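S.K.: Below are the sequence and a predicted model for it; my questions follow.
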Amino acid sequence: GYSFGLADEQSAEPSVTPLAGLPVVGEDGKATFPVAVDQLPSTTKLVDAKVTVRMRETGGRAVERSLNIGIRPQGHMIGIRPDFENDEVPQGGTAKFSLIAVDPDGKREALKGALWSLVKVERNYQWYRSNNSWNYEPVTFTKSVANGQIDLAADGEATVSLPVDWGRYRLEVETADPEGPATSYEFDGGWYVSSTTTETPDGLEIALDKDTFAAGDVAKLKVSPHFAGELLVTIGADKLLKTVTASVPAGGGTVDIPVGDDWGAGAYVTATLFRPGDAQETRMPARAIGVKWLAVDPGSKKLAVTLTPPEKTMPRQQLSIPVAVAGVQPSSNAYVMVAAVDVGILNLTNYKAPDPENWFFGQRMLGLEIRDLYGRLIDGSLGTTGKLRTGGDGAALQAQGSPPTEKLVAFFSGPVQLDADGKARIDFDIPQFNGTVRVMAVAWTKEAVGHAQADVIVRDPVVITAGLPRFLAPGDNAVMRLDIADTDGPAGDYALSIDTTGDLSTGDKPLPGRLTLAQGKRQTLTVPLIARTAGDATITVKLAHADGTEVEQTLYVPVRPAQLPLTTRLVVDLKPNVGALRVDKELLAASLLDGASVSVGVSQAAAFDVPSLLMTLDRYPYGCAEQTTSRAMPLLYVNELAEGIGMASDPDLHGRIQDAIYKVLSYQASAGSFGLWGPGSGDLWLDAYVSDFLTRAREQKYDVPALAMNQALSNLQNSLGYDQDVQDRGSEIAYALYVLARNKKASIGDLRYYADTQLEAFTSPMAVAQLAASLALYGDAQRSEATFQTALRLAQASTEYDYYRSDYGSPLRDGAAILALAAESKPVPTIVPALIKLVARERADARWTSTQDESWMLLAARALKEGNDSITLSVNGAPHAGGYSDRFSGSDIADSPLTIANTGKTPLQAVVTTVASPVESLPAGGDGFTIDRTYYRLDGTEANVTEATQNERYVVVLKVYEQNSWPSRLLITDLLPAGFEIDNPGLVSSAQLSNFSWLAQTDAAHLEFRDDRFVAAFNPNDGDGDRNITLAYVVRAVTPGTYAHPAATVEDMYRPQYSARTATGMKE
């Protein structure tokens, strides 16, 4: 397109004009208001106004939408269009430009005597000394290359063609009047430009006589040229279908195009008109191109789908949706799928209903390439040639991403077969809901597709809308706003009751027991809410009229502790015959039992406490590729483990594992590698770890797509082809070899080479064990046993923590992995008893564990599935044979304490693991990090949020400093105070951090904007550079009240002993 204004003009700072006095929307939800732009920046360029509107509901939440509107220029303008691509012209080539003049309304006009000049832009650097150091600043100047005068016509384009050498150039076009319009355009000369880059051709106006055509029709293509010439018409889509040639006079003509039956949804008609040059008439050869989509009517391939749901219905009832599809043959198997979704949900992302007709029969992308060589022609008949001023040496080519308070309405029927008449009825049970439901249907047969949509209003006769926080914390006091609108109910007095559950109260003051409503009017009521303990609370609002009209609304409010949960582990020795343990609220007095999870296990070895390991993994709230794999891989064998410890089976286990498979596959790149938080590459150990999980899952008959599995294995094979640095990359190489060996794709020669000649170069005990396990998979038992012995010796000698390792590991993880690999190998190596002792010692010494430690500990526990048969216990007075394990909620333990006694002759160990928030808030501080949290107003001034105003927005800035220099993988979490909500920048454009020029930030590997927290992940894995991290997000004060203000935290995900937190507090 055309560029207007001076290229070297400094962009003006965008001005922000608040729109005051905006109206309240009417009953139809609409409003109009004027937008006056009083002050425009002083600029020669075109200006846009971005109008951003935030519509706020009575409860305080807002929805934001933006619209860009072009501002009418204040005067006449000159437009320049480069007739080449990418602002680049080859060295020694010709730069051609088209020029136009337009009035303030954008209409072309004539301009006599426009002055043009081509200048070369040069840049030097001025060095200077300041503060005992040398600095420089660029100095830009220009040299005139050519100039001239040209007339711009109202009905065409004037052209300027200029030869250029290497360098940066600027074409300037202006009028003789200093107050007149001026425009310039900068471009480069001397860069390599591919041969397919040519100047823009002239446009050829073409039109078809109809919008759509049937196969066998004759389409008439009308051509309206600017000159007479020969016409080449090419018809093509993904391949060339037909060509037609014709001679076209200057007055135009019509070309017949027979429509083929193999044109599918349609084809592109490309018309190229050309004429030869004429030296006597001093004219260049000319050509013009026009492109038009010729749509083929799908005819019987398009189904007519009709939805006839009721226009209005009430919640808590069944919504019946009749579907009728016309033209379905009784012999055809016709199906329909129907979805019913809250329009409010769809509006968040501007979701459009599925349109299979447009997908299959709509306009396709042109699958042919158009090449044009016109730009290589040089017009030798032009008038005065521009004067080139050259000098100096010739330059070489060079370069200068909490549960809802009400149930969500989102239903899907799945495929439903239509009857012989092409009809079906879909029923959905609508829950408590007031709003509009969009019903969307897609129907299909083997030959045809179709779709339809309809909206259904769902509402009670009296609509109750509640404005309350998405969650609360114990001790919070909130103000709930109830908007009660009598839309279809009778007018008059209504009995009102408000009941709460879950230790959530409405305070001591009595609430009104009666409301008087007028039809079509609204009443507002504020209700205090006080949360006392954690758990799931409900609020039930009931209205009853004397005529029998009753409305009930139930709201769900999760109450979560204001501190992140901590995992505590208590090991108790149970002596023979006399050892006993009582698990009650006194034993767990330091933990908040509301919402807590408690695991109790009794076995011969406390280190391998399966229930607690499963519980801590299961309660980890985040899900990168490593964490998802670590949680899911042990679940493949959980039923095998449960048999030995008396654990109940999980009926949802298969679905959880399958969901984990699909999730990690969403992190796979096209080359087969896996990223930590999304598709990526560069971490071969992670690639092998995820591929190991997928391999094991496929062995257990889970659905692992063959293509994804093959890509993952090919990635490992390709990586091993060039990654042979055993000293530094031994962990990655060994794991990749092990996964390939498990899939029978490794080379036994490579395995023996590494075991015989390179074993001492491997520094990781786990890597050596993986080589040993690989050899066992290929039946080389002797080498496998010897290599396992080496792995044990290395593990016994490697008890110091290596902070610079990049394989997510620790001495505990390595020992558990060796034990797991040894227990799986056939024959089982002789090192297993020594490994059990090693892992038990490492577990006893470890104060903190990562997901890697816990996952491999569970896999290692398979080696100890026997040995608990001789245990005899008394559980709450009842005899129990064998190992004991169970999980409880904190409230279960508070209400019904557990007593376990050892009635056998051998000493036992009981492990009590609690995942719960602490009773006392932890003070600010930590180890290895510092973290600071500050609130700012949108203009960058610091704000005090202890007293925030409803609907006010703040920028939360978190500053983290990592005191250690080793590679790390960090997770930063900032729990929100209730009443605050994050403005997701993906949905609210004004919350994008680029809007705040005063804010500097560090790019994150992963960001999450949850209802109750902000989460960011960073991977400063290079081990050097700046260890300061700054990140920010925008929050809005939504619901009035007094709330606990939780701490912001940072932790090293794989060295959890290193973490830090801010102070907690209160806000109002």
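M.R.: That came through fine.
S.K.: shaky segments in the stretch 701-850 of the chain?
M.R.: Counting by pLDDT under 70, not a single residue of the stretch 701-850 of the chain qualifies.
S.K.: Going along the chain, name the helices of it.
M.R.: For the stretch 701-850 of the chain, applying DSSP state H, counting those that start in this stretch gives helices covering 706-722, 726-742, 748-757, 765-777, 781-797, 811-824, 832-845.
S.K.: So residue 857, which state does it fall into?
M.R.: helix (DSSP: H, G, I helix; E, B strand; the rest coil).
S.K.: how near is it to residue 842?
M.R.: 10 Å (Cβ to Cβ, to the nearest Å). Every residue, glycine included, has its C-beta placed from N, CA and C.
S.K.: which of the helices of the stretch 701-850 of the chain sits most buried?
M.R.: Ranked by mean neighbour count under mean count of other Cβ atoms under 10 Å, the helices of the stretch 701-850 of the chain are led by helix 765-777, which reaches a mean of 28.
S.K.: could you say what helices and strands that one packs with?
M.R.: In this structure, helix 765-777 makes packing contacts with helix 726-742, helix 748-757, helix 781-797, helix 811-824, judged by 3 or more Cβ pairs under 8 Å, 6 or more residues apart in numbering; DSSP states H and E.
S.K.: re earlier: residues shared between the contacts of residue 857 and residue 842?
M.R.: With contacts taken as Cβ atoms under 8 Å, 6 or more residues apart in numbering, residue 857 and residue 842 have residue 812 as neighbours in common.
S.K.: Go through the helices and strands packed on helix 765-777 and name the closest to residue 496.
M.R.: helix 811-824 (59.2 Å; Cβ to Cβ).
S.K.: Nearest residue to residue 483 in space, ignoring adjacent ones along the chain?
M.R.: residue 465 (4.4 Å; Cβ to Cβ, 6 or more residues apart in numbering).
S.K.: Any chance of CSV for the helices and strands packed on helix 765-777, columns distance to residue 1017?
M.R.: Supplementary listing: the helices and strands packed on helix 765-777 in CSV, determined by distance: least, Cβ to Cβ, whole Å:
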stretch, distance to residue 1017
helix 726-742, 21
helix 748-757, 34
helix 781-797, 30
helix 811-824, 20
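S.K.: Show me the one of those helices that comes nearest residue 222.
M.R.: The closest of the helices and strands packed on helix 765-777 to residue 222 is helix 726-742. By Cβ to Cβ, the value is 63.8 Å.
S.K.: got the angle between that closest one and helix 706-722?
M.R.: Relative orientation of helix 726-742 and helix 706-722, computed by axes from the mean of the first three to the mean of the last three Cα atoms, to 10 degrees: 150 degrees.
S.K.: pull the CA atoms of helix 726-742 into CSV?
M.R.: Extracted C-alpha coordinates of helix 726-742, given in CSV (Å, rounded to 0.1, in the frame of the first residue of the first chain):
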residue,chain,number,x,y,z
VAL,A,726,30.2,-38.0,27.3
GLN,A,727,32.1,-35.9,29.9
ASP,A,728,29.6,-33.1,29.8
ARG,A,729,26.6,-34.7,28.2
GLY,A,730,26.7,-38.2,29.6
SER,A,731,23.4,-38.0,31.4
GLU,A,732,21.6,-37.1,28.2
ILE,A,733,23.4,-39.6,26.1
ALA,A,734,22.8,-42.5,28.5
TYR,A,735,19.1,-41.7,28.9
ALA,A,736,18.5,-41.4,25.2
LEU,A,737,20.3,-44.8,24.6
TYR,A,738,18.1,-46.4,27.4
VAL,A,739,14.9,-45.2,25.8
LEU,A,740,16.0,-46.4,22.4
ALA,A,741,17.0,-49.7,23.8
ARG,A,742,13.6,-50.1,25.5
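S.K.: For the stretch 851-1000 of the chain, which segments are assigned as helices?
M.R.: Using DSSP H, counting those that start in this stretch, helices in the stretch 851-1000 of the chain cover 851-860, 890-895.
S.K.: buried sites along the last one?
M.R.: Which is helix 890-895. 890, 891, 893, 894 (16 or more other Cβ atoms under 10 Å).
S.K.: circling back: so which of the helices of the stretch 701-850 of the chain comes closest to residue 413?
M.R.: Minimum separation from residue 413 across those (Cβ to Cβ) falls at helix 706-722, 28.9 Å.
S.K.: outside of the closest one, which residues touch it?
M.R.: By Cβ under 8 Å, 6+ apart, the residues outside helix 706-722 that reach it are 665, 668, 670-674, 684, 687-688, 690-691, 694-695, 698, 732-733, 736-737, 739-740, 743, 745, 750.
S.K.: what about the residue nearest to residue 934 when sequence neighbours are not counted, neighbour count?
M.R.: Closest residue in space to residue 934, ignoring its immediate chain neighbours: residue 957 at 5.0 Å, by Cβ to Cβ, 6+ apart. For residue 957, the neighbour count with other Cβ atoms under 10 Å is 20.
S.K.: Quick check: phi and psi at the residue nearest to residue 317 when sequence neighbours are not counted.
M.R.: Nearest non-adjacent residue to residue 317, counting by Cβ to Cβ, 6+ apart: residue 430, 6.0 Å away. Here is the backbone geometry of residue 430 (degrees, to the nearest 10): phi -80, psi 130.
S.K.: looking at it, residue 430 is touching residue 312, isn't it?
M.R.: No: look at residue 430 against residue 312 with Cβ atoms under 8 Å: they stay out of range, at 11.9 Å.
S.K.: Please identify every residue contacting each of the two.
M.R.: Shared contacts of residue 430 and residue 312 (Cβ under 8 Å, 6+ apart): residue 458.
S.K.: When those two are compared, which one has more neighbours?
M.R.: Neighbours per residue (other Cβ under 10 Å) separate residue 430 from residue 312, with residue 430 holding more: 19 against 11.
S.K.: Report the separation between the more buried one and residue 408.
M.R.: For residue 430 relative to residue 408 (Cβ to Cβ), the value is 12 Å.
S.K.: And residue 330, by the same measure?
M.R.: 39 Å.
S.K.: quick one: which of the two has more around it?
M.R.: Neighbours per residue, other Cβ under 10 Å: of residue 330 and residue 408, the larger number sits with residue 408, 13 against 9.
S.K.: what about the more buried one, distance to residue 341?
M.R.: Counting by Cβ to Cβ, the gap from residue 408 to residue 341 is 9 Å.
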